[in-house]
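Chemist: how does the following fold in three dimensions:
(2 chains)
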Amino acid sequence: MASLFADFLSSLSLINLGLAFSGVLAGIIIGALPGLSATMAVAILVPFTFALEPSSGLIVLGAIYTGAIFGGSWSAILINTPGTPSAVATTFDGYPLAKKGDGDLAMSISCMSSFVGGIIGVICLALFAPPLASVSLMFGPTEYFWLALLGLTLISTLSEGDNIKSLIGACIGLLMSMIGVAVVGGDVRMTWNISFLNSGIEIVSAMIGLFCIPVILDLTSMKGKHLGENETPKSLRLKESFLIMFAKKFEAVRGALIGTFVGILPGAGGSIASIVSYGEAKRTSKNKENFGKGEPEGLIASETANNATVGGGFVPTLCLGIPGTPPDAVILGALLVQGIRTGDTLFTQQSSIVYTFIFGLLLATIMMLPLGLLMGRYAYKSLLKVPKQVLIPIIIFLTIIGSYSIQNNILNVYFMFFFGLIGWVLNRSGFRASPIVLGLVLGQIAEQGFVQAYIIGSAQGSVVANYFARPISFVLVLLIIMSLFFPALKKIYKKRFSK
Amino acid sequence: MKLNTFFKKFLAVISLLALTFTSANAGVTNIIPFGPGGESDVTARMQQPYYKDIYNDDIVVQYKPGGGGSVGWSSLNSEKGDGSVIMGVNLPHIIMQPIAKGDKAGYKTEDINVFSFFHYTPDAILVEASSPYNSLAELIDFAKKNPGKLTFSGSGTYSANHLLTISLNQKANIKTTYVPFKGTGAAVQALLGKQVVAEAGYSTVAAKQGSKVRMLAVASESRLPAYPDVPTFKELGFDIVSGAYRGYALPKSASAATVKEWSDRIMKINSDPKFKKQMEDGAFVVVNIGHDQIDDFMKQQQAANEAIAKELGLIK
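Modeler: Model prediction:
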């Protein structure tokens, strides 16, 4: 205990506090710009951390990472474009809120939710890292397959109105997820001899195109302001946001726990966490009809979950040496260069580095609250004041920079515009971007899991057993069945009662 | 806010960002055709401080990921040939991709002007710590009694990991099942989670995972200094020396002098005992293949990989 306290004090050193502060600040800005992802923010900073103490270097990387995941919600709320992939589900209710004129409220709620999610994630990391790591190892290919399938069934929950169109959209996404060289088998699929497509559709540029370009085109073609305005935003609407958060405290904690859990599964990541949490919130909410039209509860679900993946993702990174999320992979590389060995010995032999880092991450998350509230208010105010003819070129400029910098490749920019055009046409005909992105993200995970499980199952001579007769798989299958038939059952139930 | 002041603020932010990016971009550029965090990235990062010490200049690492490296390699020759840009290259990737995918790979092996390889990570067979198999012989024995039941996790198809299992199948006369995963991390996860019997991975997996895994055999010429108890395949009677070699290439337009200069720089970093120690601790094996030996080395690798490709049915 005494040594824990010493670690806490060393995380409070002036340099560490300063690093955490500037890390969060830089992270929020980078995360808010569409296309500049948390991974890139961390990667750019890595060489600078070599000059620092290992734990200080880790703190600044962790702070940037947390800040960037939160920052992603800004562009999701203000211009309907997830700043990082983790913020996909934030667009569902954040942007409608801003459209209604409640952007200030949305910004404050998103900051508080990210704070709650981040704190719970870090606490889980500090207290339960080793047992959680062994849970993550129980997820084999079969479980990933069922998990992805569960995510896909959420389309029926997420879709507003037209189920068929959402399903078609998801199928388009699934088809797109198959483009490129298959991980299993190495077949080259649907690339039309463009070697750029060998690695598959790059998800971030596709997402910027699908979400952002239709908004820009609509903005250009329609009269009126970009976002609605109730009155000049003078306050942070702190009290109102706090009351909403307080009323939804269980939902917030649930979102954070879902986020932590998905975070400990390597390769799943913040986008899946926020989508699953959002779907769960909508399924169990009393005011389901309001989801997608600016329901704060949806915003809370998404933002608590994606920030909780930060703490969750560090569980396999630190305990197993397996990166939980893409930014974790960069941090793991930095650890290796610093000469820190991850794995079971890290928590016992180098525990002071680990706990200083965890305390630093906690501090960074706490700093994010006031910083995010103040900066968010400023960002919202300036966005309202900027005339449309200035705003539109700036957004386009950012989308180009963002999609270029993902892989330092101009082809990503062309693809972004190409997807933008598709997104706009589909939008006009009543298709939404979210099922497409869901199919694109989950398709790869589902396919790999399915084929790997099949190969392993046939080697063991029990294909069917390998898919179903595993405890976690069984639970996931039950959840899928529930998720699929829940709406239908509910309808029958309602009919009976109305009669 | 007046439009004017807004513009000023916007320009200020943008120029600040631009400054950060350009200041980070001074020095020479090392393009890694993979994402950050992998072995190519980590070893490039390890070279950074030594390069700075010797040449008082920065190597800036940039990423151009995609297609298992092919996106970067197919654009290599359009980079500047004045020595300000080098690009990471990997074996067997730059030989196997053109064989497996033909024109779809986007480049040909001979298009890539490789000037040096500075290390390799030997292939290795690993099991989880609680596994009943304590030696390669026991593992092979299991495979002989249960054809196809020995499952290996590994990273990718036609990768170094995959090729190792093919060589082992051939030389030990066994039948095993290879399960490809996306990246080393996922392959290790499957091993630790006991989804597979063993992993066909790299020696670096043993360094990262420590006591959680047991390395049964390593495909290097001699035993690794950090793992004196782990036998090589050669000692065990299988003539397998393989792994993923990592080095650098210049655009074709680079002059002979530039090629020599860069090769000397990389070899000079290699000769630093501290660098060598750091690499060996991570289970990387330092090799000194400079520009004068590269042609012979590539020919030998090409022949070895073609032989395996025939076995796989990729070449008739």
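
Chemist: find the closest residue to chain B in chain A.
Modeler: residue A:195 (2.6 Å; C-beta to the nearest C-beta). C-beta here means a position set from N, CA and C on the backbone, and glycine is covered the same way.

Chemist: around chain B, which positions in the stretch 151-300 of chain A sit nearby?
Modeler: Residues of the stretch 151-300 of chain A lying close to chain B by C-beta under 8 Å from any C-beta of the partner chain are A:180-186, A:188, A:191, A:193, A:195-196, A:198-199, A:202, A:266-267.

Chemist: buried ones from these, can you make that a ChimeraX selection?
Modeler: Restricted to buried positions by 16 or more other C-beta atoms under 10 Å in any protein chain shown, the ChimeraX selection for these reads:
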select /A:180,181,182,183,184,186,188,191,195,196,198,199,202,266,267
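
Chemist: tell me the pLDDT of residue A:438.
Modeler: We have a pLDDT of 85 for residue A:438.

Chemist: after the helix or strand hosting it comes which helix or strand?
Modeler: Here residue A:438 sits within helix A:433-460, counting by DSSP states H and E. Remark: after helix A:433-460, the chain's next helix or strand is helix A:463-468, criterion DSSP H and E.

Chemist: what residues are up against the residue nearest the centre of chain A?
Modeler: Nearest to the mean C-alpha position of chain A, by C-alpha atoms, centre = their mean, lies residue A:86 at 1.7 Å. By C-beta atoms under 8 Å, 6 or more residues apart in numbering or on different chains, the contact set of residue A:86 is A:38, A:69, A:72, A:269, A:270, A:271, A:273, A:274, A:306, A:309.

Chemist: most neighbours, which of the residues you listed?
Modeler: residue A:306 (39 neighbours; other C-beta atoms under 10 Å in any protein chain shown).

Chemist: these two touch, right, it and residue A:87?
Modeler: Yes: counting by C-beta atoms under 8 Å, residue A:87 is a contact partner of residue A:306 at 6.6 Å.

Chemist: which neighbours do those two have in common?
Modeler: Each of A:69, A:72, A:270, A:274 lies in contact with both residue A:306 and residue A:87 under the rule C-beta under 8 Å, 6+ apart.

Chemist: okay, now the unreliable bits of chain B?
Modeler: B:1-26, B:316 (pLDDT under 70).

Chemist: quick one: the helices in it?
Modeler: B:3-23, B:39-55, B:70-73, B:93-101, B:136-145, B:160-172, B:183-192, B:203-209, B:256-270, B:273-281, B:294-312 (DSSP state H).

Chemist: which residues touch the closest residue to chain A within the stretch 1-150 of chain B?
Modeler: Distances between the stretch 1-150 of chain B and chain A by C-beta to the nearest C-beta are smallest at residue B:106, namely 2.6 Å. Going by C-beta under 8 Å, 6+ apart, residue B:106 touches A:195, A:196, A:198, B:67, B:70, B:71, B:73, B:74.

Chemist: same thing but 10 Å
Modeler: A:191, A:193-198, B:66-67, B:70-75, B:97-98 (C-beta atoms under 10 Å, 6 or more residues apart in numbering or on different chains).

Chemist: dihedrals phi and psi, residue B:314?
Modeler: phi -80, psi -30 (degrees, to the nearest 10).

Chemist: count the residues that sit near it.
Modeler: Neighbours around residue B:314, by other C-beta under 10 Å: 17.

Chemist: and the gap between it and chain A?
Modeler: 9 Å (C-beta to the nearest C-beta, to the nearest Å).

Chemist: go ahead and confirm that residue touches residue B:163.
Modeler: No: at 11.1 Å, residue B:314 does not count as touching residue B:163 under the criterion of C-beta atoms under 10 Å.

Chemist: overlap in contacts of those two?
Modeler: B:96, B:305, B:308.

Chemist: how near is the residue nearest to the first one when sequence neighbours are not counted to residue B:38?
Modeler: Spatially, and ignoring its direct neighbours in sequence, residue B:96 is nearest to residue B:158 (5.0 Å; C-beta to C-beta, 6 or more residues apart in numbering or on different chains). Between residue B:158 and residue B:38 the distance is 17 Å, computed by C-beta to C-beta, to the nearest Å.

Chemist: list the contacts of the helix or strand containing residue A:170.
Modeler: Using DSSP H and E, residue A:170 sits within helix A:163-177. By C-beta under 10 Å, 6+ apart, the residues outside helix A:163-177 that reach it are A:152, A:154-160, A:162, A:190, A:200-201, A:203, A:206, A:210, A:419, A:422, A:426, A:429-447, A:487.

Chemist: one more time with 6 Å, if that's ok
Modeler: With contact meaning C-beta atoms under 6 Å, 6 or more residues apart in numbering or on different chains, helix A:163-177 is reached by A:155, A:159, A:201, A:430, A:431, A:435, A:436, A:439, A:440, A:443, A:444.

Chemist: got a pLDDT number for the residue nearest to the last one when sequence neighbours are not counted?
Modeler: Leaving out its chain neighbours, the residue that sits closest to residue A:444 by C-beta to C-beta, 6+ apart is residue A:177, at 5.0 Å. Reading off the confidence values, residue A:177 has pLDDT 92.
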